[in-house]
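A predicted structure for the sequence below; I have some questions about it.
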Amino acid sequence: MPSEGQVMMDADWLQPSWPLQSEGVRSFMTTRAGGVSGGAFGSMNVGAAVQDDPAAVAENRARVDRALAAKAVFLRQVHGSEVVLLNPSHALHAAEAPVADASVSTLPGLAVAIQVADCLPVLFAAPGGVAGAHAGWRGLAGGVLENTVAALCRAAACQPADVQAWLGACIGPEAFEVGPEVLGAFGARSDAESSEFFRFRPNAMGEARWRADLPGLARQRLFALGLTQVGGGSWCTFSDASRFFSYRREHVSGRMVAAICLA
């Protein structure tokens with residue numbers, strides 16, 4: 001096991017590519033590789049509420065910290081749109097996880113951590129601050145990205161045009177089957193068979209279903225906010241079982257983390 005303070009990042013983890021990375025931002029998204037969990041949670045599960053061995057989860061989270069050379073603050077995510085501004089008290093050993101689906105950090109060494117297993121993680125970097133958001137369809141429709149960008153701009157005293165975003169791995173548009181309630185949440189008309197981000201495809205029982213493009217919906221919202229640099233979003237968690245956890249595919253599933261901090 002690497003010694004305290006040693007930076008170790010598994011070669012399989014996803015690494016955002018953005019100019020600010022060379023100016024003191026550390027970021028990545030874990031995959032299944034690089035951890036110590038076994039069975040259905042093998043091997044890099046960071047989820048503490050999925051019946052994995054707590055000692056294995058603790059070691060996996062410690063590996064995240066060592067790879068960041070920072071303390072990752074995990075959230076109690078509830079598919080909402082609340083954003084928390086991290087402070088040193090959140091890094092204390094006995095601190096309760098904040099109830100939120102996004103967080104912002106302006107402190108070097110205090111990292112944002114977003115857990116996912118099909119939902120879309122979005123990382124943000126700006127001069128003087130970083131952020132992350134858990135963007136499943138409920139949070140996305142509820143404004144979690146808008147709230148996160150606004151909170152980051154307030155905390156870092158910047159404008160949306162100064163913010164870069166990176167979309168991690170999530171369930172892809174060929175696999176994400178949704179019903180009319182999801183279309184309604186985004187203001188799409190369920191009587192229109194297909195639209196830019198919802199492709200009509202009835203299921204085997206003939207019920208109306210659509211394939212939803214979660215990264216496309218996120219990009220649309222980010223560009224509308226004034227961001228011009230948005231990357232990533234090309235990996236499908238559902239279709240690549242060897243590399244990613246997927247709750248829709250497995251139900252008993254581990255969790256990955258997308259993390260970012262100021263160095």
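Alright, I've got the coordinates. Residues are numbered from 1 along each chain as shown.

Going along the chain, name the helices of the stretch 101-250 of the chain.
Assigned by DSSP state H, counting those that start in this stretch, the stretch 101-250 of the chain shows helices spanning 137-142, 144-156, 180-185, 214-225, 247-250.

helices or strands next to the fourth one in the packing?
Read it as helix 214-225. Using 3 or more CB pairs under 8 Å, 6 or more residues apart in numbering; DSSP states H and E as the contact test, the elements touching helix 214-225 are strand 120-126, helix 137-142, helix 144-156, strand 164-167, strand 229-232. The C-beta positions use only the backbone N, C-alpha and C, and glycine is treated the same way.

list the buried ones in it?
Of all the residues in helix 214-225, those buried under the rule 16 or more other CB atoms under 10 Å are 214-215, 217-219, 221-222, 225.

Adding distance to P88, write these out as a markdown table.
Formatted as a markdown table, the buried residues of helix 214-225 follow (distance: CB to CB, whole Å):
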| residue | distance to P88 |
| --- | --- |
| L214 | 34 |
| P215 | 34 |
| L217 | 35 |
| A218 | 30 |
| R219 | 34 |
| R221 | 31 |
| L222 | 30 |
| L225 | 29 |
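
Same list (these) but as a markdown table, adding pLDDT and distance to H134.
Converted to a markdown table, those look like this (pLDDT from 0 to 100; distance: CB to CB, whole Å):
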| residue | pLDDT | distance to H134 |
| --- | --- | --- |
| L214 | 98 | 12 |
| P215 | 98 | 14 |
| L217 | 97 | 14 |
| A218 | 98 | 12 |
| R219 | 97 | 17 |
| R221 | 97 | 14 |
| L222 | 98 | 15 |
| L225 | 98 | 17 |
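
follow-up on the earlier one: of the helices and strands packed on helix 214-225, which is nearest V104?
The closest of the helices and strands packed on helix 214-225 to V104 is helix 144-156. By CB to CB, the value is 5.0 Å.

now the closest one, how far from the chain's geometric center?
Its chain's C-alpha centre and that of helix 144-156 lie 15 Å apart, by CA atoms, centre = their mean, to the nearest Å.

Then stretch 229-249?
Averaged C-alpha coordinates place stretch 229-249 at 11 Å from its chain's average position (CA atoms, centre = their mean).

tally of neighbours for Q159?
Q159 is flanked by 11 other residues according to other CB atoms under 10 Å.

Mind pulling up the pLDDT for it?
What the model reports for Q159 is a pLDDT of 97.

Okay then, goodbye and thanks.
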